[in-house]
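**Q** Turn this into a structure:
(chains A, B, C and D)
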4 protein chains.
Amino acid sequence: MVSFPPLGKTNPGDDLGLGTRPGPGRSVNKDGTFNVHRKGLPAFRGYELYHRLITMGGFRFLGLLFLGFLITNALFASLYLGIGMEHFVRPGGEGRLDRMLDAFFFSAQTLTTVGYGHISPRSQLVSAVAALESLLGLLSFALATGLLYGRFSRPHAQMRFSQSALVAPYQGITAFMFRFVNRRSNQLIEVEATVSLSFLEAETGTRRFATLPLERSKINLFPTSWTVVHPIDAASPLAGMGDEDLRKAQAEFIVLIKAFDDTFAQTIYQRTSYTADEVLWGHRFRPMSSVAADGVLEMDVDLVDATEVVGT
Amino acid sequence: MVSFPPLGKTNPGDDLGLGTRPGPGRSVNKDGTFNVHRKGLPAFRGYELYHRLITMGGFRFLGLLFLGFLITNALFASLYLGIGMEHFVRPGGEGRLDRMLDAFFFSAQTLTTVGYGHISPRSQLVSAVAALESLLGLLSFALATGLLYGRFSRPHAQMRFSQSALVAPYQGITAFMFRFVNRRSNQLIEVEATVSLSFLEAETGTRRFATLPLERSKINLFPTSWTVVHPIDAASPLAGMGDEDLRKAQAEFIVLIKAFDDTFAQTIYQRTSYTADEVLWGHRFRPMSSVAADGVLEMDVDLVDATEVVGT
Amino acid sequence: MVSFPPLGKTNPGDDLGLGTRPGPGRSVNKDGTFNVHRKGLPAFRGYELYHRLITMGGFRFLGLLFLGFLITNALFASLYLGIGMEHFVRPGGEGRLDRMLDAFFFSAQTLTTVGYGHISPRSQLVSAVAALESLLGLLSFALATGLLYGRFSRPHAQMRFSQSALVAPYQGITAFMFRFVNRRSNQLIEVEATVSLSFLEAETGTRRFATLPLERSKINLFPTSWTVVHPIDAASPLAGMGDEDLRKAQAEFIVLIKAFDDTFAQTIYQRTSYTADEVLWGHRFRPMSSVAADGVLEMDVDLVDATEVVGT
Amino acid sequence: MVSFPPLGKTNPGDDLGLGTRPGPGRSVNKDGTFNVHRKGLPAFRGYELYHRLITMGGFRFLGLLFLGFLITNALFASLYLGIGMEHFVRPGGEGRLDRMLDAFFFSAQTLTTVGYGHISPRSQLVSAVAALESLLGLLSFALATGLLYGRFSRPHAQMRFSQSALVAPYQGITAFMFRFVNRRSNQLIEVEATVSLSFLEAETGTRRFATLPLERSKINLFPTSWTVVHPIDAASPLAGMGDEDLRKAQAEFIVLIKAFDDTFAQTIYQRTSYTADEVLWGHRFRPMSSVAADGVLEMDVDLVDATEVVGT
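**A** Numbers count the residues shown, from 1 in each chain, chains lettered A, B, ... in the order given. Just a heads-up that it's a prediction; the model follows:
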């Protein structure tokens, strides 16, 4: 029996912008992206390309850079071969491969502006193409500089969330809780949490949303971990609910974290979600920190998932 | 008969800063710029030039870069020709064109710091000019690096608004509404909307402003589209108004959107406006998203303008 | 007779942080800097040097860059001369000047990484110094790239304030007012103004502060100009004051403006102040904008100072 | 006798996120870092490496750059030696050292893209390796550009706090106070302070927190120094406490400062703390500023620690 709050107990402001008709499955993926496929986005705008180059994986990015370098050199080498290698002062032999490689490496030496000069233009036409290529090279590396800086200076995923959320006794009542740590070495401050419950209303079959009140919704400093706690009191939409009820209602707990990154002076947002399958009932978190021999508080980030059955 | 609210029902805080005497036509253009021509701006300050290079179109920017490259080389080539090509070690012939091209390409090889060396300074005077040119080249490309990064990292127009705003039945009453999508692949959060009505007061002939209360003025997540709704209840300045009334009053709906761009950690503002001509009466929006075969919610950005007559 | 409010009518929160003992003269200069000389600042920290290079005038900055280029080359030239020019392959003559210039230009070609090669290291010692110099060159130009970008992307003074503030009749009562325009072509939004009055209390001889309530303290859009108005009603600390009273009390109106720069997604603050000498009594502002022949609203930035005597 | 407030007088919102079980010693170090050792952080993620390169000391950073330059050249030199120096056109002798140094300096000239050409590839294999090296060189210096910019543009420690906090008579009652100055030449505005007291509760042995109300918690302008004052009235958790009580309770005053840096348009946070050992009883601050001969207010940053015994 699903006893989630009727329409009167939620308000439109609670729907987070996820709408009332999301498909089956979670609305927010574990990594915080939205579980929506958008069609019709412009495919090849400059800023869109930039956005993808900034957010793709590091190895893929380096691979693309290298590929671009090869292709550009191959194109210019074709141009030089078309003009004819007799327009060059060059040390290489007269075989076809030698001519091709000379053209390719002259291109590389021009694009990177190394310009040893042991291969050099003999004719003005080659000089003109080479001038263009060196300009292109400089602009490409100007772009690469911006991309590399953009990749590193943009906000990165900071938090590591516990894999499961818990429902367990807490200070006399029961509470829904999860925790997270900062897995980077920088210092986060003014950390805020918002937790919303999304569920399928049995009567109408539409998705509904309710914001869950938290014991604390903001901390000023974040040196270790933060266990976010929603006390399940009588007013909570979770009051009287069990594991099975959550599954039936396709419940999803949507977590929004906001923080300020002290090192880069930028505001960071991070999202995640817990589905009914990711809620452990009757478990509690084990401590992550202990006082080391030298008296310093020590926290082990890898313990963020450590839980134990209540009563053990 | 224009029944817009009398002076007592608006307050100065509602005027948005647009003043009481804007000219005919819209105050805010579709692309969010202000419909004002400003005279007397300083024409050639460094940051102003930077601002224009950052905001101009991509092809124009590349064209300017290329033009600057050509002109700089032409200028330095003239200098070298003035000094005399006999001050160079060079492979070219003694014809006038050869001398000019050698000067030009030596300049290009210096400016880009390729420096093959097959053309090189024979005299100290040429060396001095070349040293200057290579310094200028490096600084120019330093500047170009900053410009390229500035162009890509600055905020870009994100939202695509429905071409028309609608007035249609909505949950029992009538409502004014429009919708918009994020047409970039990045994720926007904490999206806020403000809608103001600007109209010509019949009695005084001056422009007046009224902020329209919205059903929801903020959403936390923005995975698909957002239909912004102003319910036309008895308190609304639109209560009892028809298409003709809006046109007579030269009504303009001014839309301000604020959002946070998760990828670049920057706050984004976007503006647009709807004139009376851009309001469709008795139309409603058709859904933009559907559940695909694989169960994933799919949204088609191109459907943002899809409306249908109410009752069909 | 000075009738400024007694201690009870101001509160500590009004003092803006300027303290109660500023010296004679204005606290805030016209350009918004504080009229305070700070001793004991660390003279040569990296970020402090960066800060000065970022904020100094453009010509001075370019001059410093050029000077640095000359000095670095002179230093390395001395090194090469000390090693001996016989360690070089070079085209120049054996005169002292030729040797010096060859050393200097080899340095320049190394620092800028042009490297023509017509002067080149013959010995390993010279190669080692040259390797260091080219590394230094690349790092210097990396630094210059950052400096140039930092100079352009940092917030710049935006507003042009009217040279005088006015006290004049305004909608039935008297008001203190000044106005300002955005003298850049970018678009500012969410503009906020705070105006505080600083004055010398006759009884105690100490500086006191009072925040002046404004007719409007925020505008959403800022397409033209904004006239900031403090109505001098009975509750105003200016009630009943005249020109002479303000001068005796060494009154200073401190203006803080906050805005959001749409183009660069950054919050901008600007300050200025008006002393009693800069207040015009019985003047009012003339309009800055008019509707042009083509129906577009036109604003002339240079009219920001245009005032006229009330009654003319 | 420790008379700190019982549990009822503090609330969870006051705990700042430091938790209830920090180890002995201070929670927040003088430089604002947290006194916690975090284990299990990913050691070698790109952004983590970037973060460390951005925040490490300047000399260490330059040393690493130089080391990287040496090692990269040594690696490529080994490659070239492995291929064989007979694949090069080069001026050096045939001794083993000469061959090694020629390989090393050819590498350096390629990595920095100087490319004099007096040593140059004779075979295509060497050309291929050199093309790779010049690409690597350009990317490395693109990275160095971003790192240098990132180092300078990131927020830096701004405030210099008085070494001791004071408890002294203040306007009729007693107050806890400390002061700080901006030790950089930039201008900070909208400065906010939060002070919390952390102490060991005698009955439970757990750490408790209380936010201390301040006479003023925000100043708009920060031209000189700011003395932050917590008046010890009857409601203060410090009421009736003495030096010995604070030491017994292992009291720690945790200070959070937030400000806006006008030059870089970024929000700055800074933290520090005062332990019971760092509180001076019965001392007061001596003035830091005086009016110079030319009438300008002069502040000596080095006087921030100047205190005197009350009554002298």
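**Q** what sits opposite whichever residue of the stretch 201-312 of chain A sits closest to chain B in the beta ladder?
**A** Using Cβ to the nearest Cβ, the point where the stretch 201-312 of chain A gets nearest to chain B is A:Gln266, with a distance of 4.2 Å. (C-beta placed from N, C-alpha, C; glycine too.) Listed by DSSP bridges, the beta-bridge partners for A:Gln266 are A:Asp261.
**Q** my read: it touches A:Pro155, true?
**A** Yes: between A:Gln266 and A:Pro155 there is a contact at 5.9 Å, judged by Cβ atoms under 8 Å.
**Q** could you point out where the stretch 51-200 of chain A is predicted with low confidence?
**A** Scanning the stretch 51-200 of chain A for pLDDT under 70 picks out A:157.
**Q** Run a quick neighbour tally on the residue of it found nearest chain D.
**A** The nearest approach of the stretch 51-200 of chain A to chain D comes at A:Tyr149, 3.3 Å away (Cβ to the nearest Cβ). Counted by other Cβ atoms under 10 Å in any protein chain shown, the residues lying close to A:Tyr149 total 26.
**Q** Apart from its neighbours in sequence, what residue is nearest it?
**A** Using Cβ to Cβ, 6 or more residues apart in numbering or on different chains and skipping residues adjacent in sequence, the residue nearest A:Tyr149 is D:Gly146, 3.3 Å away.
**Q** which residues are in contact with both of A:Gln266 and A:Pro155?
**A** Residues within reach of A:Gln266 and of A:Pro155 at once, by Cβ atoms under 8 Å, 6 or more residues apart in numbering or on different chains, are B:Ala265.
**Q** Give the rounded mean pLDDT of stretch A:240-253.
**A** Taken as a whole, stretch A:240-253 has an average pLDDT of 92.
**Q** Quick one: check it for contact with chain B.
**A** No: using Cβ under 8 Å from any Cβ of the partner chain as the criterion, no contacts between stretch A:240-253 and chain B are found, and the smallest distance is 12.2 Å.
**Q** what does that stretch contact?
**A** Applying Cβ under 8 Å, 6+ apart, the contact partners of stretch A:240-253 are A:1-4, A:24, A:26-28, A:165, A:176, A:178, A:195-202, A:212, A:273-277, A:279, A:281.
**Q** Inside strands: which ones of those residues?
**A** Among the contacts of stretch A:240-253, the members falling in strands (DSSP state E) are A:165, A:176, A:178, A:195-200, A:273-275, A:279, A:281.
**Q** who touches stretch A:31-45?
**A** When contacts are taken as Cβ under 8 Å, 6+ apart, the neighbours of stretch A:31-45 outside the stretch itself are A:22-23, A:25-29, A:48, A:157, A:270-272, B:181, B:183-185, B:187, B:221, B:223-224, B:289, B:292, B:296-303.
**Q** Helices of the stretch 1-150 of chain A, start to end?
**A** Defined through DSSP state H, counting those that start in this stretch, the helices belonging to the stretch 1-150 of chain A, from first to last, are A:46-55, A:58-83, A:96-111, A:124-153.
**Q** and the ones in strands among the contacts of stretch A:240-253, which are buried?
**A** When neighbours are counted using 16 or more other Cβ atoms under 10 Å in any protein chain shown, these contain these buried positions: A:165, A:176, A:178, A:195-200, A:273-275, A:279.
**Q** out of those residues, what pair is the most spread apart?
**A** Greatest spatial distance in these: A:Phe178 and A:Leu200, 21.6 Å, computed using Cβ to Cβ.
**Q** which parts of stretch A:283-302 are buried?
**A** Those buried within stretch A:283-302 under the rule 16+ other Cβ under 10 Å are A:283-285, A:288-289, A:297-301.
**Q** which residues sit in contact with whatever residue of the stretch 101-250 of chain A ends up closest to chain B?
**A** Among the residues of the stretch 101-250 of chain A, A:Gly146 lies closest to chain B, at 3.3 Å counting by Cβ to the nearest Cβ. The contact partners of A:Gly146, taken as Cβ under 8 Å, 6+ apart, are B:145, B:148-149, B:152-153.
**Q** Pull the number of nearby residues for the residue nearest to A:Ser78 when sequence neighbours are not counted.
**A** Counting by Cβ to Cβ, 6+ apart, A:Ser78 lies nearest to A:Ala103, which is 7.8 Å off, once chain neighbours are set aside. Close neighbours of A:Ala103, defined as other Cβ under 10 Å, add up to 26.
**Q** pretty sure A:Ala103 is in contact with A:Leu81, am I right?
**A** Yes: contact status for A:Ala103 versus A:Leu81: in contact at 5.0 Å, counting by Cβ under 8 Å.
**Q** Tell me who's in contact with the residue lying closest to A:Tyr80 once chain neighbours are set aside.
**A** Nearest residue to A:Tyr80 in three dimensions, chain neighbours excluded: A:Ala103, at 4.2 Å (Cβ to Cβ, 6+ apart). For A:Ala103, the set of contacting residues under the criterion of Cβ under 8 Å, 6+ apart consists of A:76-78, A:80-81, A:85.
**Q** and with 7 Å instead?
**A** When contacts are counted by Cβ atoms under 7 Å, 6 or more residues apart in numbering or on different chains, A:Ala103 touches A:77, A:80-81, A:85.
**Q** Could you pick out the buried ones from those?
**A** With neighbours counted by 16+ other Cβ under 10 Å, the contacts of A:Ala103 contain buried members at A:77, A:80, A:85.
**Q** For the second one, give its distance to B:Ala108.
**A** Remark: distance between A:Tyr80 and B:Ala108 (Cβ to Cβ, to the nearest Å) = 16 Å.
**Q** what's across from A:Val229 in the sheet?
**A** When A:Val229 is checked against DSSP bridges, its beta-bridge partners turn out to be A:Met177.
**Q** mind listing what it touches?
**A** Going by Cβ under 7 Å, 6+ apart, A:Val229 touches A:170, A:175, A:177, A:214-215.
**Q** Repeat that for A:Phe152.
**A** Counting by Cβ under 7 Å, 6+ apart, A:Phe152 touches D:47, D:50, D:146.
**Q** Over to A:Tyr80?
**A** By Cβ under 7 Å, 6+ apart, A:Tyr80 lies in contact with A:103, A:106-107, A:126, A:129.
**Q** Let's see if you can find the most crowded of the residues you listed.
**A** Each of the contacts of A:Tyr80 was scored by neighbour count (other Cβ under 10 Å); the top score is that of A:Phe106, with 29 neighbours.
**Q** So that one sits against A:Gly117, correct?
**A** No: in terms of Cβ atoms under 7 Å, A:Phe106 does not count as a neighbour of A:Gly117; the distance is 10.3 Å.
**Q** A:Gln158 and A:Ser185, how far apart?
**A** In terms of Cβ to Cβ, A:Gln158 sits 11 Å off from A:Ser185.
**Q** which of these two has more neighbours?
**A** With other Cβ under 10 Å as the criterion, A:Gln158 and A:Ser185 differ in neighbour count, and A:Gln158 comes out ahead with 21 against 13.
**Q** Need the three-state assignment for the one residue in the stretch 201-312 of chain A that gets nearest to chain D.
**A** Shortest the stretch 201-312 of chain A-to-chain D distance, computed as Cβ to the nearest Cβ: residue-wise this is A:Ile219, at 3.0 Å. In the three-state summary, A:Ile219 is assigned as strand, counting by DSSP: H, G, I helix; E, B strand; the rest coil.
**Q** and it, how many neighbours?
**A** For A:Ile219, the count of nearby residues is 23 (other Cβ under 10 Å).
**Q** Domain parsing of chain A, as residue ranges.
**A** Per automatic domain parsing, the structural domains of chain A span A:46-153, A:157-309.
**Q** mind putting those in TSV, distance to B:Ser134 included?
**A** Converted to TSV, those look like this (distance: least, Cβ to Cβ, whole Å):
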stretch	distance to B:Ser134
domain A:46-153	11
domain A:157-309	35
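**Q** And those: which comes nearest B:Ala234?
**A** With Cβ to Cβ as the measure, domain A:157-309 is the member of the domains of chain A nearest B:Ala234 (29.1 Å).
**Q** what's the distance between that closest one and the middle of its chain?
**A** 19 Å (Cα atoms, centre = their mean, to the nearest Å).
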